[in-house]
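Undergrad: sharing a model that was predicted from the sequence below.
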Amino acid sequence: MAIPIVTAQELVEPAEPRAGVLGAVASGLLSNRKALGGLAILGVFALVAIFAPLLAPYDPHSLAFDQLLGPSAQHLLGTTGNGQDIFSQLIWSTRESLLLAIVAGALATLASVLIGVTAAYLGGLWDHVLNLFTDVFLVIPTLPLMLVIAAYVQSHGVWTLIAVITITGWSYGARQLRSQALSLRNRDFLEAARVRGERTSYTIVFEVLPNMTSLIVAIFLGAALYAVLAAAGLQFLGLGDNNDLSWGTMLFWAEHNGALLAGAPLWVLAPGICIALLGGAFALINYAFDEVSNPALRAAKRAKA
Amino acid sequence: MWYLVRRLEFFIVTLWAALTVNFLLPRLMPGSPAEALLVRFHGHVSPQAVKAMEVALGIHTDQSVVQQYLEYIGNTLRGELGVSVSYFPLSVATVVMQALPWTVGLVGTATVIAFVLGTLIGMLAAWRRGGLFDAILPPVFIVISAFPYFWIALFCLLIFSLTLNWFPLGFAYDLTSQINLSWDFVGQVIAHAFLPALTIVITSIGGWILTMRNTMITTLAEDYVKMARAKGLSPMRIMFMYAGRNAILPNLTGFAMSLGFVISGAILVEIVFNYPGLGFMLLQAVDNEDFALMQALFLMITLAVLVAVLFADVLTAVLDPRTREAG
């Protein structure tokens, strides 16, 4: 059942010495411009999320202003069709959007680790079944599935979104982890653990996983990017809690009120750019991560033609 | 042929999984809102149609779950999907068939364009490693891949329709005309499909470029490429027939696997452009609580993806001799 999606991560043999790897990757990341850019964007968003009450000039829910004002010194990005300050909404929305990305990304990563590593380690029929299960989830179109689930679920809070994103977002990572775990399976140190009579759960947690740290981090970054986009899509369709403040919800209200036709493009542009910046931050760090752990991909010198 | 048999197993299992998800979801949720909706139907439509819907939505409770499950699968395979609430009195199957060609045409064309262009660009970027192409394109497309599909769609709408007035605002053809085969109508269809297709190409091309570039870099270092160079073969031939042909395989399987993702984005694009395909209709069905239509659309979208995946598999089997060997 193996249909290899070859990513650079998989092409690299998992590195053997443990302590050195993470350190080398970390210092590699810090000297990579793409990674630094991504980390800087994430850092700024984290600060904005924490200090939102101090940074936002107005109450984001307040309807006190004139509707659809253009950008001005009082309202940097103008006002919404309901007379709310767009800039203040944008700042407060950082909280939920960042939370969704990180929590849903982490949960999806956890699910991929559980399923992918278990499949590879157990092998045989278990591997076949779990792998088929992974492929099925990989191919079933996620957005229609999310729509159908969200239509049946009556509550549309943040946690529903996180659950839906986790259910639909784990499969890609599980597949990558499985193939790396497969290549680890017959290494001597795992054989030693087997001979020592260690339990399967112990071997997986303390012997296999530490050797996969860098791939797990890369999968988290990919899952977080997926979560950013999936959450934005669902909220844009009105399947989140429309009273919450997040970038996707802002776009829902903008579309709902015909912001483009009403001549308020900033209402649409600003949240979209924030979503792209957050997603782009994860994507950039991920790409840099790939370059750092796979020297063949590093740019720099012009190769012989 | 072993390879294709295994892919067929995958095809059937996935289809079965989608059917089962459809069957289970309404039953897992407490207090199905579908029940209230069905009351409207009694006396208006044939008893068979009502029964098919009851089975699909899990209201037909005088049978055991297993019986319901078998009946549901049987009904679905025979195309008896019930009646649409929002397009009453049309049957669900009719509504789905009206939407299907639009999605297949739009998403199919856009995806093939993106795949071919992306693969070529990725190949060139790897071939001229460190060149201008290679320095600019990958980072640009990493950033673009982080933009939500629907936002790019809104952006295109703002620039090309509202500001420049080059393209119509939405739908698949001018609302004043009827579907026919005149040149005028074909022109309308192309004008209406251009922006949605452009959006899908812009957002999905980056993935193909990056995968192709990265695998091509690996194949370029292989011995057979060195050998081809040593033999003095023309660079074009080495690029396409030696390195390119081998690098394209992972991209092709990646293509199959990421189609589900592409179609998810395409659905959002359809919604932004009011394009009357499966995705647009799916959102309408969700908004109108038309559960039978919603389930049928979900199945149809999954089926469309699966057929494309199967097609990519057959193509892989043709391109890669290894898959043709036994075992």
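TA: Happy to help now that I have it. Numbering: from 1, shown residues only, chains lettered A, B, ... in the order given.
Undergrad: tell me where chain A has helices.
TA: A:8-11, A:18-30, A:33-50, A:52-55, A:86-122, A:124-139, A:142-152, A:158-169, A:171-184, A:188-196, A:200-202, A:213-236, A:247-256, A:265-293 (DSSP state H).
Undergrad: can you lay out those as JSON lines showing mean neighbour count and distance to chain B?
TA: From N, CA and C alone the C-beta is placed, and that goes for glycine too. Shown next, in JSON lines, are these (neighbours: other Cβ atoms under 10 Å in any protein chain shown; distance: least, Cβ to the nearest Cβ, whole Å):
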{"stretch": "helix A:8-11", "mean neighbour count": "19", "distance to chain B": "5"}
{"stretch": "helix A:18-30", "mean neighbour count": "13", "distance to chain B": "15"}
{"stretch": "helix A:33-50", "mean neighbour count": "16", "distance to chain B": "7"}
{"stretch": "helix A:52-55", "mean neighbour count": "12", "distance to chain B": "22"}
{"stretch": "helix A:86-122", "mean neighbour count": "22", "distance to chain B": "11"}
{"stretch": "helix A:124-139", "mean neighbour count": "18", "distance to chain B": "5"}
{"stretch": "helix A:142-152", "mean neighbour count": "23", "distance to chain B": "3"}
{"stretch": "helix A:158-169", "mean neighbour count": "21", "distance to chain B": "9"}
{"stretch": "helix A:171-184", "mean neighbour count": "23", "distance to chain B": "8"}
{"stretch": "helix A:188-196", "mean neighbour count": "12", "distance to chain B": "26"}
{"stretch": "helix A:200-202", "mean neighbour count": "11", "distance to chain B": "26"}
{"stretch": "helix A:213-236", "mean neighbour count": "26", "distance to chain B": "5"}
{"stretch": "helix A:247-256", "mean neighbour count": "24", "distance to chain B": "7"}
{"stretch": "helix A:265-293", "mean neighbour count": "23", "distance to chain B": "3"}
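Undergrad: where among those is the average confidence lowest?
TA: For those, mean pLDDT drops lowest on helix A:8-11, to a mean of 43.
Undergrad: how about residue A:289, what does it touch?
TA: A:25, A:29, A:35, A:214, A:217, A:218, A:221 (Cβ atoms under 8 Å, 6 or more residues apart in numbering or on different chains).
Undergrad: doesn't residue A:282 make contact with the third one?
TA: I take that to be residue A:35. No - using Cβ atoms under 8 Å, residue A:35 is not in contact with residue A:282; the gap is 11.2 Å.
Undergrad: which of the helices of chain A sits closest to residue B:109?
TA: Closest to residue B:109 of these is helix A:142-152 (Cβ to Cβ; 19.9 Å).
Undergrad: helices or strands up against the closest one?
TA: helix A:158-169, helix A:213-236, helix B:2-28, helix B:245-272, helix B:278-287, helix B:291-319 (3 or more Cβ pairs under 8 Å, 6 or more residues apart in numbering or on different chains; DSSP states H and E).
Undergrad: report the inter-axis angle for it versus helix A:213-236.
TA: Orientation check (axes from the mean of the first three to the mean of the last three Cα atoms, to 10 degrees): helix A:142-152 against helix A:213-236 gives 60 degrees.
Undergrad: chain center to helix A:142-152: distance?
TA: 19 Å (Cα atoms, centre = their mean, to the nearest Å).
Undergrad: also stretch A:58-77?
TA: Using Cα atoms, centre = their mean, the offset of stretch A:58-77 from its chain centre is 31 Å.
Undergrad: what about it and chain B, any contact?
TA: No - in terms of Cβ under 8 Å from any Cβ of the partner chain, no part of stretch A:58-77 sits within range of chain B; the closest distance is 15.4 Å.
Undergrad: just the endpoints, please. Distance across that stretch?
TA: 12 Å (Cα to Cα, to the nearest Å).
Undergrad: buried ones in it?
TA: Neighbour-count burial for stretch A:58-77 flags A:58, A:60, A:65, A:68, A:69, A:75, A:77 (criterion: 16 or more other Cβ atoms under 10 Å in any protein chain shown).
Undergrad: one step back: would you list the helices and strands packed on helix A:142-152 in a markdown table and tack on distance to residue A:251?
TA: Output for the helices and strands packed on helix A:142-152, formatted as a markdown table (distance: least, Cβ to Cβ, whole Å):
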| stretch | distance to residue A:251 |
| --- | --- |
| helix A:158-169 | 15 |
| helix A:213-236 | 5 |
| helix B:2-28 | 27 |
| helix B:245-272 | 10 |
| helix B:278-287 | 15 |
| helix B:291-319 | 23 |
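Undergrad: which residue sits closest to the residue nearest the centre of chain A in space, ignoring its chain neighbours?
TA: With distances taken as Cα atoms, centre = their mean, residue A:224 lies nearest the centre of chain A, 0.8 Å away. Nearest non-adjacent residue to residue A:224, counting by Cβ to Cβ, 6 or more residues apart in numbering or on different chains: residue A:105, 3.3 Å away.
Undergrad: quick check: residue B:19 touching residue B:75?
TA: No - judged on Cβ under 8 Å, residue B:19 makes no contact with residue B:75 at a distance of 10.6 Å.
Undergrad: coming back round to it: got a list of what the residue nearest to the centre of chain A touches?
TA: Counting by Cβ under 8 Å, 6+ apart, residue A:224 has contacts A:101, A:102, A:104, A:105, A:106, A:282.
Undergrad: how does it look with 7 Å?
TA: A:101, A:102, A:105, A:282 (Cβ atoms under 7 Å, 6 or more residues apart in numbering or on different chains).
Undergrad: ok, the nearest residue to residue B:258 once chain neighbours are set aside to residue A:145 distance?
TA: Nearest non-adjacent residue to residue B:258, counting by Cβ to Cβ, 6+ apart: residue B:207, 6.4 Å away. Residue B:207 is 20 Å from residue A:145, where distance means Cβ to Cβ, to the nearest Å.
Undergrad: for residue B:151, what are its contacts?
TA: Residue B:151 touches A:272, A:275, counting by Cβ under 7 Å, 6+ apart.
Undergrad: can you give me phi and psi for it?
TA: The phi/psi pair for residue B:151 (degrees, to the nearest 10) reads phi -70, psi -40.
Undergrad: how about residue A:61?
TA: Here the main-chain torsion angles of residue A:61 (degrees, to the nearest 10) amount to phi -90, psi -20.
Undergrad: please report how far it lies from residue A:82.
TA: As for residue A:61, its distance to residue A:82 is 10 Å (criterion: Cβ to Cβ).
Undergrad: same check, this time on residue B:249
TA: In terms of Cβ to Cβ, residue B:249 sits 53 Å off from residue A:82.
Undergrad: so of the contacts of residue A:224, which two are at opposite extremes in space?
TA: Distance extremes for the contacts of residue A:224: the farthest pair is A:102 and A:282 at 9.8 Å, using Cβ to Cβ.
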